[in-house]
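Q: this is a predicted model, with the sequence first.
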Amino acid sequence: MTFSTRIAARVLTTAATATLAAGIVAGTGTAFADTGAEGGEQVMLKGGTTASYYWDDASGRAGDTGLPASGKPMQKGLAASPSWPLMTEGYVVYKGRKAPFFVGDRGPGIPSNRGVMLDLDAKTFAELTGGEFNADTLGVDGNGGEGHIKVTYVITKWGKGVGTKNHPKPFDTGAWAVKDTNPAKPVTVKAEAAAPSKDLVATVLASASL
């Protein structure tokens, strides 16, 4: 390779590197092409609702009447739904915080008529709202008195039993007891691309200036 050819090649390489750097700074294009961040996850259902919390330990202290409807013991991640099939799995997002859950119980009852369509376990609710679970009262302390929050829910797997495989319905509709043969069509949720680190941007820009 002659000297002039090497210079030309270096110019092309520098230009390509600068283009890559621009893509990283902008958060678009080639910079994320090989990371999978442009894709997404297929989910069964996505929506929003108001969530409350409870903790049913079968002691009667919080007005409960026994074990959760699924027969599973009360535990972190167990939620109650007024209409989704038992053992449905998914997660909720609240102010950037994400928490998994599975439907292990039925409820809330009357509140579901007012749009409260998900009852999270108290430990999960505490984590989402920055509070602490109180084992004595079975409530949540230190979160400013939050008892209801607006969440985004994402269903990743439907349970096999009866219940509506679509957006939640109030408990008194009886949707929890009906076998659903026409579930909601799965959707694709776009994955969010992680922001490039300052060190990576600086390295690429430095390479481009050589």
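A: Nice, thanks for sending it over.
Q: where does residue 172 land in three-state SS?
A: Classification of residue 172 into helix, strand or coil gives helix, according to DSSP: H, G, I helix; E, B strand; the rest coil.
Q: where does it land on pLDDT?
A: You'll see residue 172 listed with a pLDDT of 95.
Q: so who does it touch?
A: Residue 172 makes contact with 109, 112, 113 under the criterion Cβ atoms under 8 Å, 6 or more residues apart in numbering. All C-beta spots, glycine's among them, are computed from the backbone N, C-alpha and C.
Q: among those residues, which one has the most neighbours?
A: Ranked by neighbour count (other Cβ atoms under 10 Å), these have residue 112 at the top, with 26 neighbours.
Q: about what we covered before: point out the least confident one among the contacts of residue 172.
A: Looking at the contacts of residue 172 by pLDDT, the weakest one is residue 109, with 88.
Q: and stretch 69-76, average pLDDT?
A: Per-residue confidence for stretch 69-76 averages out to 94 on the pLDDT scale.
Q: with the contacts of residue 172 in mind, which one is nearest to residue 90?
A: Of all the contacts of residue 172, the one sitting nearest residue 90 is residue 112; the distance, using Cβ to Cβ, is 17.3 Å.
Q: would you say the closest one is within a helix?
A: Yes: following the definition three-state DSSP, residue 112 is counted among the residues of a helix.
Q: how about the strands in the chain?
A: Under the criterion DSSP state E, strands of the chain are mapped to 40-43, 45-54, 78-81, 89-94, 97-106, 116-121, 132-134, 139-141, 149-157, 187-190.
Q: is it possible to get CSV of these that adds distance to residue 67 and mean neighbour count?
A: Conversion of those to CSV gives the following (distance: least, Cβ to Cβ, whole Å; neighbours: other Cβ atoms under 10 Å):
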stretch, distance to residue 67, mean neighbour count
strand 40-43, 29, 13
strand 45-54, 13, 19
strand 78-81, 11, 28
strand 89-94, 19, 19
strand 97-106, 9, 20
strand 116-121, 14, 25
strand 132-134, 19, 16
strand 139-141, 20, 18
strand 149-157, 22, 18
strand 187-190, 33, 12
